[in-house]
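# Structure for this input, please:
(chains A and B)
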2 protein chains.
Amino acid sequence: MSVTHPAGFTAAGVAAGLKSTGAQDLALVVNTGPSSASASVFTSNRCLANPVIWSKEVVKDGSVRAVVLNSGGANCYTGAEGFGTTHAVAEQVAKGVGVGAGDVVVCSTGLIGLTNPRQQLLDGVDAAVAALSGDGGDDAAHAIMTTDSHAKQVVVHGDTWSIGGMAKGAGMLAPALATMLVVLTTDADVDAAVLDRALRHATRLTFDRLDSDGCQSTNDTVTVMASGASGVSPDEAEFTDALTRACRDLALQLLADAEGADHEIAITTRGAATESDALEVGRSVARSNLFKAAVFGQDANWGRVLASVGTTAAAFDPADLDVAINDVWVCRESGPAESRDLVDLKPRQVSVTIDLKVGEAQATIWTNDLTHAYVHENSAYSS
Amino acid sequence: MSVTHPAGFTAAGVAAGLKSTGAQDLALVVNTGPSSASASVFTSNRCLANPVIWSKEVVKDGSVRAVVLNSGGANCYTGAEGFGTTHAVAEQVAKGVGVGAGDVVVCSTGLIGLTNPRQQLLDGVDAAVAALSGDGGDDAAHAIMTTDSHAKQVVVHGDTWSIGGMAKGAGMLAPALATMLVVLTTDADVDAAVLDRALRHATRLTFDRLDSDGCQSTNDTVTVMASGASGVSPDEAEFTDALTRACRDLALQLLADAEGADHEIAITTRGAATESDALEVGRSVARSNLFKAAVFGQDANWGRVLASVGTTAAAFDPADLDVAINDVWVCRESGPAESRDLVDLKPRQVSVTIDLKVGEAQATIWTNDLTHAYVHENSAYSS
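Next up is the predicted model:
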């Protein structure tokens, strides 16, 4: 149900023929109102996919009526022809659901550098429009999957309103943002300015802290639409909290399904002078192939943690760092402490705690291990 | 021969018992003068190994008489006990060869976070002192190997003088510097200030542009010692050029022997506004696991190149980038151009050329692909 759980939304997922498997590959989510308030965040990559170039313009006025998403091709680095395809898809949706093309966000995902078949997309849009229903959320969530092993959906309840969401993403997960498409819906009556603040707060604490493989995507889009159909205007803090919970739930679903991963690693840096220091330190460890390969090998190699921390500009004393892996303090004062043999790295969940011992700030970055399956999936993906 | 090729040097490599295989694991290189001029560069990691903490002090006066190096343990993050071991090793060398401990550079390599057995090291030093000879360079080069598959040595000839060098390093190769220990010797009569300028020039263009896996080491040391035994003082430019050639030769030997690599990738960024931009762009691609896995899979995935370029702050037009892989221009104006099927990625040598089309600067970064063998070697290394 997910995106169609809140009142005021219809959705559909259809097979447009982009995926050679014949699986669903085109999703449409429509806000039937009465409100069309919306907010979005996009990848910070400077080399943008065509749908992102288009959608960044669409969202500027705070009003979005529909999001159309396709898997099976990212329409990225495909030039004017590719941009024309994005534009044509938006026009086709606009015509089909009776809105302006300037209220249609377009998202694409799949291989980059390949042109999407325009006519298949347009026919797919027509099929999706015909299939729109208040039960279509599940189909939509399936249609946006690429290497995802399952659909990712969430529902968070307010008093008399709710938030629904769907996400796709299983690799190229790094901020900002992770490689992912996310559509969030709510029947709360929230204006575009509040939506924007709430979404930026939520993504900063969730998707932006997911750093599966350090590779920043070209197509990332997170769009929230508010239909106002519940007639209820929640308190901004309450809404922001609910939206953050929805985003965190989806982010952890992405982490759990990351390509080829054997472990989900939560890296918490505490005792930092600033939150920014804590994030920099966590990210440096999340991007250490050596540390990530060690976790795959179930080796509590804390030395590789310190070697990563040492590459940052964060405030700390290099001779006074503490590191715990799965709560075993294997390193105290930058030297060996409890035996690394006490650390059991067989379970999928791994926690790394780094204490910089200079302040009160802390932050958590989530990543995965580096496995044979990751190498295989990413060396074979496009062949 | 390598480090003992230039006149005025003796060396030895012995088995001190640090390596469980019984292989040579302790090397000593001694400058017998008449000059003791020297210069060094070290890792820029802030979490330093004990030998680096020691050696940074030793080299400050521009005079070094001996370099002692051990494999089988990095003596990194081992606290006061570890620093005491480094100090004791320097004193033992000093006593053995009749110099001051303040003229002895100490280098260690191997696992981090483990204490080195001090007495074995001291006994090894005695054995090495006894074995010192003008033919000992080859033994020394073998004694510093860790996961290296072969010893790395170089000789560069000037008119009536020469430069010799040895290096170890096969992983954790990222600036600054790569994970490596390098000892360079020359019988040219060059003072410490010239040596320092020449070495910084050489490493900036060579070791600093090697970015095998983005992981910055804790023990990197490059030391050059000049004996002056030839009695010849070459022109500074001539000497700098020769030293740069020696360093480039060793750097490419390190690249060719990187852990588990199937390909050596030279990433040249041209048309950049500045050399710094070119380096940032090259490094971003060198650190993309997705691109490196694609090269392993023999997939000319130029989209992953652009996705990396887009994460940088370099000056360029995101809609006007050209990319060649093995000289096939698979991307023009940020879109598909020549067919990627024309790119043959079976050979070990791969070139990637990125044209930013905004300026005249260019630079090359060297990296490796991301392979199953890399994951295996780095997940199993310490077990």
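
# Buried residues of whichever strand or helix holds A:R248, list them for me.
Applying DSSP states H and E as the criterion places A:R248 in helix A:236-256. Buried positions in helix A:236-256, judged by neighbour count with 16 or more other C-beta atoms under 10 Å in any protein chain shown: A:236, A:239-244, A:246-256. For every residue, glycine as well, the C-beta is placed using N, CA and C.

# what lines up beside the helix or strand just after that helix in the sheet?
Remark: after helix A:236-256, the chain's next helix or strand is strand A:264-272, criterion DSSP H and E. If you go by DSSP bridges, strand A:264-272 pairs up with strand A:349-355 (parallel), strand A:361-368 (antiparallel).

# And the contacts of the last one?
Applying C-beta atoms under 8 Å, 6 or more residues apart in numbering or on different chains, the set of residues contacting strand A:361-368 from outside is A:173, A:209-213, A:251-252, A:255, A:258, A:261-275, A:277-279, A:282-283, A:285-287, A:292, A:374.

# now those residues: which count as buried?
A:173, A:209-213, A:251-252, A:255, A:258, A:261-272, A:277-279, A:282-283, A:285-287, A:292, A:374.

# picking that back up, if you average the pLDDT over the helix holding A:R248, what comes out?
Helix A:236-256 carries an average pLDDT of 91.

# what about the helices in the stretch 51-200 of chain A?
Per DSSP state H, counting those that start in this stretch, the stretch 51-200 of chain A carries helices over the ranges A:79-97, A:118-131, A:137-143, A:192-205.

# What residues of the last one count as buried?
What it means is helix A:192-205. Neighbour-count burial for helix A:192-205, counted by 16+ other C-beta under 10 Å, picks out A:A192, A:V194, A:L195, A:D196, A:A198, A:L199, A:H201, A:A202, A:T203, A:R204.

# ok, now how distant is the first one from A:A151?
In other words, A:A192. 28 Å (C-beta to C-beta, to the nearest Å).

# Also the fifth one?
Taking C-beta to C-beta as the measure, A:A198 falls 24 Å from A:A151.

# cool, the second one as well?
Separation of A:V194 from A:A151 (C-beta to C-beta): 29 Å.

# ditto for the third one
Look at A:L195 and A:A151: by C-beta to C-beta, they are 24 Å apart.

# pLDDT wise, what is A:A261 at?
On the pLDDT scale, A:A261 gets 83.

# Actually, A:C331.
93.

# My reading is that it is in a helix; is that accurate?
No. Read with DSSP: H, G, I helix; E, B strand; the rest coil, A:C331 is strand and lies in no helix.

# Identify the bridge partners of it.
A:C331 has these beta-bridge partners by DSSP bridges: A:V323, A:P336.

# my guess is it meets A:A319, correct?
No. Shown here, A:C331 and A:A319 do not form a contact pair, counting by C-beta atoms under 8 Å, at 11.7 Å.

# residue of the stretch 151-300 of chain A with the smallest distance to chain B?
When scored by C-beta to the nearest C-beta, the stretch 151-300 of chain A has A:G297 as its residue closest to chain B, at 2.8 Å.

# still on that earlier bit, A:C331 and A:A319 - which one has more neighbours?
Neighbours per residue, other C-beta atoms under 10 Å in any protein chain shown: of A:C331 and A:A319, the larger number sits with A:C331, 25 against 15.

# ok, that one to A:T367 distance?
Here A:C331 is placed at a distance of 19 Å from A:T367 (C-beta to C-beta).

# Please apply the same query to A:V343.
Going from A:V343 to A:T367 by C-beta to C-beta gives 17 Å.
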